[in-house]
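**Student:** Just a sequence and a predicted model for now, questions to come.
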Amino acid sequence: MLNKLEKESGFYSITVLIEELPIFQQVISNGMSIVPAILAKLRRGEGGIALYSALSKITGEHPSIANPGRIKEINQWWLDWGHRKGYLIKLTFKFIPSNTE
């Protein structure tokens, strides 16, 4: 469903037009249950205006970015929000050498 939204909204840069798409309405009708899937796409670098708009509609949150056109900053804002709200787990890796002699 999210891939279809990205595909169908790819021609639009105006959120008002994106929000009128039937697939957009279908996505947001899932409510908070779809938020982890959207955040997972953003984490993989697959984000776009449609997903940011869907997150704002679903959550009522709006990124406080000085320059709203900065996609990387918007993406990071949503990922940070996902971490704070418990939708994403920060992945950290620690190298532990093996004791194979």
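**Tutor:** Nice, thanks for sending it over. Residues are numbered from 1 along each chain as shown.

**Student:** so where is the protein shaky, pLDDT-wise?
**Tutor:** 7-14, 66-69, 90-101 (pLDDT under 70).

**Student:** top helix in it by residue count?
**Tutor:** helix 71-85 (DSSP state H).

**Student:** buried sites along that helix?
**Tutor:** Judged by neighbour count (16 or more other C-beta atoms under 10 Å), helix 71-85 contains these buried residues: 74-75, 77-79, 81-82. Where you see a C-beta, it was placed from the backbone N, CA and C, and this is true even at glycine.

**Student:** need the residues you listed in JSON lines with distance to residue 54, can you?
**Tutor:** What follows is these, written out as JSON lines (distance: C-beta to C-beta, whole Å):
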{"residue": "74", "distance to residue 54": "13"}
{"residue": "75", "distance to residue 54": "14"}
{"residue": "77", "distance to residue 54": "15"}
{"residue": "78", "distance to residue 54": "11"}
{"residue": "79", "distance to residue 54": "15"}
{"residue": "81", "distance to residue 54": "14"}
{"residue": "82", "distance to residue 54": "14"}
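
**Student:** which among the residues you listed gets closest to residue 52?
**Tutor:** Using C-beta to C-beta, residue 74 comes nearest to residue 52 of the buried residues of helix 71-85, at 5.7 Å.

**Student:** can you tell me how far the closest one sits from residue 29?
**Tutor:** Taking C-beta to C-beta, to the nearest Å as the measure, residue 74 falls 23 Å from residue 29.

**Student:** Kindly report the same for residue 19.
**Tutor:** 13 Å.

**Student:** ok, the two, which is more surrounded?
**Tutor:** Taking neighbours as other C-beta atoms under 10 Å, residue 19 and residue 29 compare with residue 19 leading, 17 against 9.
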